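S.K.: Take this sequence and fold it.
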Amino acid sequence: MPLSALAEIILQPIIEVVAYVFGYLTGVVVVPALTLGFFRVERLLDDERSRPKIKNMRADMPRPRVISADAGTAVGLLFWVLVAVAV
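M.R.: The predicted model follows:
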């Protein structure tokens, strides 16, 4: 009994983090591919300093809509569930 509690305390957060990162990265690729670029997944760390401050660089192009990181993660994990079912 104490061993299962210890495994739950240690393994559960590790599995959740791995699943979230794996699902998020998959969602970042799958969402724009499935929606033909109309939607994209929001960035986890949106640092203003990392982007250039060039205005009107893409003024004539429509901006894609952004879905939350959690929704992107769900789409990524659902994609892998569907792949596993198909196999």
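S.K.: Buried ones in the longest helix along the chain, by neighbour count?
M.R.: Determined from DSSP state H, the single longest helix within the chain is helix 2-34. The neighbour-count check on helix 2-34 (16 or more other C-beta atoms under 10 Å) flags Tyr20, Gly23, Tyr24, Thr26, Gly27, Val28, Val30, Val31 as buried. (Glycine included, C-beta is placed from N, CA and C.)
S.K.: Columns distance to Leu3 and pLDDT on top of those residues, output as a markdown table?
M.R.: Output for these, formatted as a markdown table (distance: C-beta to C-beta, whole Å; pLDDT from 0 to 100):
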| residue | distance to Leu3 | pLDDT |
| --- | --- | --- |
| Tyr20 | 26 | 91 |
| Gly23 | 29 | 92 |
| Tyr24 | 31 | 94 |
| Thr26 | 33 | 95 |
| Gly27 | 35 | 93 |
| Val28 | 37 | 94 |
| Val30 | 38 | 94 |
| Val31 | 40 | 93 |
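S.K.: And the longest helix of the chain, what does it pack against?
M.R.: Counting by 3 or more C-beta pairs under 8 Å, 6 or more residues apart in numbering; DSSP states H and E, the packing neighbours recorded for helix 2-34 are strand 39-41, helix 69-86.
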